[in-house]
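Participant: What follows is a predicted protein model with its sequence.
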Amino acid sequence: MGFSVRFWGVRGTIPCPADTHLAFGGNTSCVEVRTGSERIILDAGTGIRMLGKRLLDENALSATLLLSHTHLDHISGFPFFSPAFTPGFQLRVMAGHLFGSDDIRSTLARQMSRPLFPVPLHRMGADIHFEDFAPGNHFLIGDETQIRTAPLRHPDGAVGYRIEYRGRSIAYVTDTEHEPGKPNQTILDLINNVDLLMYDSTYTDDEFPSKVGWGHSTWQEATRLASLARVKQLALFHHEPDRNDQEMTEIEHRARLILPNAFAAREGTVITLL
């Protein structure tokens, strides 16, 4: 009954299919987490399309989709997630950033309505349950997988997740903007001592001043938070779409000089925790 993480999409903002991006990948945010028999999906960017094909090949019967938020780079793959069209497949879709203002079902339905998309949400043939929660809530997936959540600083809101299973833990903190010189205590509490942290590393500290208000962080802030929280392994995530493989490799090298356990997330990478 293992605990593993697989990256299916690691970019932010927009897909970037280019021969200069092959080593790290061009699909937008999607991470698969397996805890025993549970299959958890973090975000539904374009990377979810190939994950869906893999789940059908494996005859998977169910999954839980946890959304950080609903900007297009995190949901644009949802209409192409084949299991959602498969009768008998059980899909639980959860989001915490809309609580009190909208709901996740109607938000995804708008994305799949004409003239934006020709196939409406109600045509999906799977058994889909939509759930909204308040950021900060805790809940269970299955009998043993504990989920903790926290609000993030991002336009229109976003939620970070901590997933705990049999004494091991990971945290998914993407699309969040930090305040220079002021470590975010909410995030530190969420990521404290996790085995793996996936953190929004869109910009560099030099680029950040011109991007204030855009809702993203830097790879340097990722290393600072990981150090303060005693994170065991750090995955730089949500890569800037114009950042090519050579530039990503250089950022990874610089991050490892600060934290030897850091790496830049690549599509296809699998991290096994149990």
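Facilitator: That came through, no problem.
Participant: residue boundaries of the strands in the stretch 1-150 of the chain?
Facilitator: 3-9, 30-35, 38-42, 62-67, 90-95, 127-132, 138-141, 145-152 (DSSP state E, counting those that start in this stretch).
Participant: Format those strands as a markdown table; extra columns: mean pLDDT and mean neighbour count.
Facilitator: From N, CA and C alone the C-beta is placed, and that goes for glycine too. Formatted as a markdown table, these follow (pLDDT from 0 to 100; neighbours: other CB atoms under 10 Å):
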| stretch | mean pLDDT | mean neighbour count |
| --- | --- | --- |
| strand 3-9 | 98 | 23 |
| strand 30-35 | 98 | 24 |
| strand 38-42 | 98 | 23 |
| strand 62-67 | 98 | 23 |
| strand 90-95 | 98 | 20 |
| strand 127-132 | 98 | 16 |
| strand 138-141 | 98 | 13 |
| strand 145-152 | 98 | 20 |
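Participant: can you redo the ones you listed as a markdown table with distance to E179?
Facilitator: Converted to a markdown table, the strands of the stretch 1-150 of the chain look like this (distance: least, CB to CB, whole Å):
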| stretch | distance to E179 |
| --- | --- |
| strand 3-9 | 28 |
| strand 30-35 | 26 |
| strand 38-42 | 25 |
| strand 62-67 | 25 |
| strand 90-95 | 25 |
| strand 127-132 | 28 |
| strand 138-141 | 26 |
| strand 145-152 | 13 |
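Participant: Nearest to I251, out of these?
Facilitator: Of all the strands of the stretch 1-150 of the chain, strand 3-9 sits nearest to I251, with 16.2 Å by CB to CB.
Participant: Against which helices or strands is that closest one packed?
Facilitator: Here strand 3-9 touches strand 30-35, helix 48-57, strand 270-272, going by 3 or more CB pairs under 8 Å, 6 or more residues apart in numbering; DSSP states H and E.
Participant: between these, which gets nearest to A134?
Facilitator: strand 30-35 (22.0 Å).
Participant: just to revisit the earlier point, and Y203, which of the strands of the stretch 1-150 of the chain is closest to it?
Facilitator: Per CB to CB, nearest to Y203 of the strands of the stretch 1-150 of the chain: strand 145-152, 15.6 Å.
Participant: Does T186 belong to a helix, a strand or coil?
Facilitator: Secondary structure state of T186, per DSSP: H, G, I helix; E, B strand; the rest coil, is helix.
Participant: contacting residues around the residue nearest to it when sequence neighbours are not counted?
Facilitator: Closest residue in space to T186, ignoring its immediate chain neighbours: A150 at 5.1 Å, by CB to CB, 6 or more residues apart in numbering. Going by CB atoms under 8 Å, 6 or more residues apart in numbering, A150 touches P135, G136, V159, G160, R162, T186, I187, D189, L190.
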